[in-house]
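# Build me a structure from this.
(4 chains)
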Number of protein chains: 2
Amino acid sequence: MAVTIKDVARLAGVSPSSVCRALADPARVRPETRESVERAARELGYHPNRVARSLITGRTANLGVVLPDLANPFFPSVVKSIQTQARRFDYAVFLSDTDEDPAVEVPAIRALAKQVDGFLLCSPRAPDEDLRSFAGEKPIVVLNRRITPFPSVTADSTGGMQQAVAHLHALGHRHLAYVAGPRTSWSNRDRQRGLRAATAARGMNLVEIGHVAPTVDGGAAAADLVLATPATAVLAYNDLIALGLIQRLQARGAEIPGQVSVVGFDDIPVAGLVGPPLTTVAIGKEQIGRVGVDLLLELMADAPARSAGPGRRAAARMPAAPARSVGLGRGAGPLPADAPGRRTASRDSTGTARRVLPTQLIVRGSTGPARQK
Amino acid sequence: MAVTIKDVARLAGVSPSSVCRALADPARVRPETRESVERAARELGYHPNRVARSLITGRTANLGVVLPDLANPFFPSVVKSIQTQARRFDYAVFLSDTDEDPAVEVPAIRALAKQVDGFLLCSPRAPDEDLRSFAGEKPIVVLNRRITPFPSVTADSTGGMQQAVAHLHALGHRHLAYVAGPRTSWSNRDRQRGLRAATAARGMNLVEIGHVAPTVDGGAAAADLVLATPATAVLAYNDLIALGLIQRLQARGAEIPGQVSVVGFDDIPVAGLVGPPLTTVAIGKEQIGRVGVDLLLELMADAPARSAGPGRRAAARMPAAPARSVGLGRGAGPLPADAPGRRTASRDSTGTARRVLPTQLIVRGSTGPARQK
DNA sequence: CAATTTTCTGGAAACGATTCCAGACTGGCT
DNA sequence: AGCCAGTCTGGAATCGTTTCCAGAAAATTG
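Next up, the predicted model:
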């Protein structure tokens, strides 16, 4: 039914091998051959079957992206940047939304494993050891979490929390509350850790409120608990929770920021549009995806498709992933962080890359001077 | 490197064909064979290579989703529901974001064509004839647009606009403005058409404001133009534009809804969180994806992978797509529209399915009585 | 012009699974 | 015991492409 390489070969009057060569690497055939093959291919509308190709080359030109919840506006931003960067290198993207269910993650990865050249795991929720079982099988880069031995891209939660706490301290707040996200979220632990350090450093009081879903509803559910504490300001695991908090706090009659200040995390696109606009810690969502893809491509270049030996032939046709693209810095986001120097790149003791992206407090309307007791 | 069917065969002491049979259809081998194959497979951690399988079966168990912009919160909702429904039938999802560029669409489809069993095109922006060139090649279902000969899932824009206009009319508005979305968007034309009909029916005045990007910035750009008209209420192509309008109108000192009422379209998740909460026309985003997948699976069952003849063998192992799943109605959304009767299913003259999903006006805080001149 | 290198090409093998076909074995029946 | 139907299995072919290998043709050299 579909037109194959044989059809082209027949029409062009050459062998399938020559068609392959003519299309893959025109320099390796006589100009006349190239010409007639190209004409035949065009005439028949031939497009090589990537499935068949990947069977023999071991490369699929696909990337797998696994994330917990596309309904959280943070993730579409990341996926979009992944998509953009992947397309630049002619990679297509598989998407798998696990719906915040850790148990779905491993099967999801497993299902995609043979169809992709590598994975980007965004904020994976599965236990470390489950994920580690994929080490060595496929190149994997983890976003928003650190699991040896995988390269990772994370945000500087500590720095962000320090900025946020400094801001609140300057406004006179001394009693803070933190509304925690999912128990299985590494980011949550990271942010919580950063917040504890920051409050401790300034001798501030911190109340932590249980684990809630990282959604608007989760935030709403925590609001009443917040009012029951002496906290004059509350920091949320993420913006969605913060939005839910504001919503419910206002419904309870609490003025924001008059009675309670609220700080989010992520700076999702709508953060500035709500009433009052949300003060939040911004992280470079576009950078996460871009850096993640670059890291993954580097990793894939090191661990080639089939043979383990370095310097494979196929690598020649693979677009160069490394330095060049990293340095491009196209589409500088709102963060001034795109300057090379600001991005922290390090390697741990085993040599795996760890990129930590800078964070930045965006002060909007949801924070103000602490109320007087 | 990876474990293949041969390895399993060797360990189990049988031929590769038997391994295949034992795993695919246990009833076709002796229980002992099945047992030893399963043990060997488990021991080696064997997972069949889906790429190799699809080469011979012609089925990939992948779906392709193409959409214009994941940053528009409308699309993640749709993708998520597609993903959920696809997973239920063991399909994986390829995602391609075209960044609102019509020219990218056809190559994007082309690149995925050989790796998927069918496509869901969400709000495609490419010209009809370009997309029609894929007819017959692959099963395609179009969402938010109608292009013969493809089955489609659309929202009842006319009904939605009628509700919105009735609402505004009742509030005393007589002069309306419409801020149009992308020129290439079928939905925009559909909504515009519906709005014209609705206003004409009531003898209301309608000013149409040029095509803007379907984003917050697009809305902000149109705000000043709105103020220059006699309109007391403005309807936007979508919620993002409406949000941008509100933002900029407020910045210009216009009270909302005191001076201008604003109506959006889509009911994106944040619509209720902004200040003031947005009055908007809701469409069943979860339904769109679910119905789209069901329609596509039906279509794929009719037009099987390889041979054109009906009643293929492979179809037996493919989960039944039709009625059963459609009727499930799991996870009923906020719309009462999940009841079977309310969803309009029709077929045009050529017999292609056209599902039109109901819309519903959600009245929130951004609309109020018309200001007195 | 012969010898040698280089360029170019076709045939065959390979990738990992599925499926067809035919042969081996089992069991039931006469 | 002999025959037949049915069950179960292994070998071979297949999917569409890439790649290896060897041979043919062309170009270069002495």
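# List the contacts of the closest residue to A:Ala180 other than its chain neighbours.
With C-beta to C-beta, 6 or more residues apart in numbering or on different chains as the criterion, A:Ala180 has its nearest non-adjacent residue at 5.0 Å, and that residue is A:His211. Where you see a C-beta, it was placed from the backbone N, CA and C, and this is true even at glycine. Residues near A:His211 by C-beta atoms under 8 Å, 6 or more residues apart in numbering or on different chains: A:180-183, A:188.
# most surrounded residue in those residues?
A:Gly181 (25 neighbours; other C-beta atoms under 10 Å in any protein chain shown).
# residues in contact with that residue?
Counted by C-beta under 8 Å, 6+ apart, A:Gly181 has contacts A:187-188, A:191, A:211-214, A:218, A:237-238, A:241.
# ok, 7 Å please
Contacts for A:Gly181 (C-beta atoms under 7 Å, 6 or more residues apart in numbering or on different chains) come out as A:188, A:211, A:214, A:237-238, A:241.
# hmm, back to that, now the phi/psi pair for the residue nearest to A:Ala180, please.
phi -80, psi 130 (degrees, to the nearest 10).
# Mind checking which of the contacts of A:His211 land in helices?
Judged by DSSP state H, the contacts of A:His211 include A:Asn188 as members of helices.
# and A:Thr4, what pLDDT?
pLDDT for A:Thr4: 94.
# For burial, what's the neighbour tally of it?
16.
# now it, nearest residue through space, not along the chain?
Closest residue to A:Thr4 apart from its sequence neighbours, by C-beta to C-beta, 6+ apart: A:Asn49 at 7.2 Å.
# quick one: the one you found from A:Glu105, how far?
According to C-beta to C-beta, to the nearest Å, A:Asn49 stands 31 Å off from A:Glu105.
# Just say helix, strand or coil for A:Gly64.
Here A:Gly64 is strand, with the state taken from DSSP: H, G, I helix; E, B strand; the rest coil.
# oh sorry, the question was meant for A:Thr154
A:Thr154 carries the three-state label strand when classified by three-state DSSP.
# In this structure it contacts A:Val356, no?
Yes: using C-beta atoms under 7 Å, A:Thr154 is in contact with A:Val356, at 5.5 Å.
# quick revisit: mind giving me a markdown table with the contacts of A:Gly181 and columns for pLDDT and distance to B:Arg88?
Converted to a markdown table, the contacts of A:Gly181 look like this (pLDDT from 0 to 100; distance: C-beta to C-beta, whole Å):
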| residue | pLDDT | distance to B:Arg88 |
| --- | --- | --- |
| A:Asn188 | 97 | 29 |
| A:His211 | 95 | 28 |
| A:Pro214 | 96 | 24 |
| A:Tyr237 | 98 | 30 |
| A:Asn238 | 97 | 28 |
| A:Ile241 | 98 | 29 |
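# Now do the same contact list for A:Asn144.
Taking C-beta under 7 Å, 6+ apart, we find A:Asn144 in contact with A:122-123, A:154, A:186-187.
# For chain B, see how far away A:Arg248 is.
As judged by C-beta to the nearest C-beta, to the nearest Å, A:Arg248 and chain B stand 11 Å apart.
# mind pulling up the phi and psi values for the residue lying closest to A:Val363 once chain neighbours are set aside?
In space, and not counting its chain neighbours, A:Val363 is closest to A:Thr279: 5.2 Å by C-beta to C-beta, 6+ apart. When read as degrees, to the nearest 10, the backbone of A:Thr279 gives phi -80, psi 130.
# Against A:Gly181, how distant is the residue nearest to A:Ala180?
Applying C-beta to C-beta to A:His211 and A:Gly181 gives a distance of 7 Å.
# go on, A:Ala9?
Separation of A:Ala9 from A:Gly181 (C-beta to C-beta): 57 Å.
# now A:Gly365
Taking C-beta to C-beta as the measure, A:Gly365 falls 23 Å from A:Gly181.
# Model confidence score at whichever residue of the stretch 251-373 of chain A sits closest to chain B, please.
In the stretch 251-373 of chain A, the residue that lies nearest chain B is A:Gly275 (2.1 Å; C-beta to the nearest C-beta). Note for A:Gly275: predicted pLDDT of 83.
# Tell me how many other residues surround the residue in the stretch 101-250 of chain A positioned nearest to chain B.
The stretch 101-250 of chain A approaches chain B most closely through A:Lys114 (4.8 Å), counting by C-beta to the nearest C-beta. A:Lys114 has 17 neighbours, counted by other C-beta under 10 Å.
# Around the closest residue in space to it that isn't next to it in sequence, count how many other residues there are.
Excluding its sequence neighbours, the residue lying closest to A:Lys114 (C-beta to C-beta, 6+ apart) is B:Asn49, at 4.8 Å. If you count neighbours by other C-beta under 10 Å, B:Asn49 ends up with 18.
# swap in A:Leu243?
The number of residues packed around A:Leu243, counting by other C-beta under 10 Å, is 27.
# now A:Ser36
20.
# For the spatially closest residue to it that is not a sequence neighbour, give me the pLDDT.
Of all residues not flanking A:Ser36 in the chain, A:Ala12 sits nearest, at 4.6 Å (C-beta to C-beta, 6+ apart). A:Ala12 carries a pLDDT value of 93.
# I'd say A:Arg354 and A:Ser152 touch.
Yes: contact between A:Arg354 and A:Ser152 holds when scored by C-beta under 7 Å: they sit 5.4 Å apart.
# Which one's more surrounded, the two?
Just comparing A:Arg354 and A:Ser152: by other C-beta under 10 Å the higher neighbour count belongs to A:Ser152, 23 against 18.
# close to DNA strand D, is stretch A:37-44?
No: Stretch A:37-44 lies out of reach of DNA strand D by C-beta under 7 Å from any atom of the strand, never closer than 9.9 Å.
# What are the boundaries of the helices in chain A?
A:5-12, A:16-24, A:31-44, A:50-57, A:74-88, A:102-113, A:128-132, A:157-170, A:186-201, A:216-227, A:239-251, A:285-302, A:323-328.
# Show me what the shortest one is in contact with.
Around helix A:128-132, the neighbours that count as contacts under C-beta under 7 Å, 6+ apart are A:106, A:124, A:147.
# Equivalent analysis for the fourth one, please.
Counting contacts by C-beta under 7 Å, 6+ apart, the residues outside helix A:50-57 that touch it are A:60-61, A:305, A:314, B:51-52, B:54-55, B:60, B:114-115.
# give me that answer again for 10 Å
For helix A:50-57, contacts defined as C-beta atoms under 10 Å, 6 or more residues apart in numbering or on different chains pick out A:4-5, A:20, A:24, A:49, A:59-62, A:92, A:114-117, A:305-306, A:313-314, A:317, B:49-55, B:58, B:60, B:62, B:111-115.
# repeat for the second one
The set of residues that contact helix A:16-24 without belonging to it, under C-beta under 10 Å, 6+ apart, is A:4-12, A:14-15, A:27-31, A:33-38, A:40-41, A:46, A:48, A:53, A:317.
# Mind doing that once more with 6 Å?
Helix A:16-24 has contacts (C-beta atoms under 6 Å, 6 or more residues apart in numbering or on different chains) with A:5-6, A:8-9, A:28-29, A:33-34, A:37.
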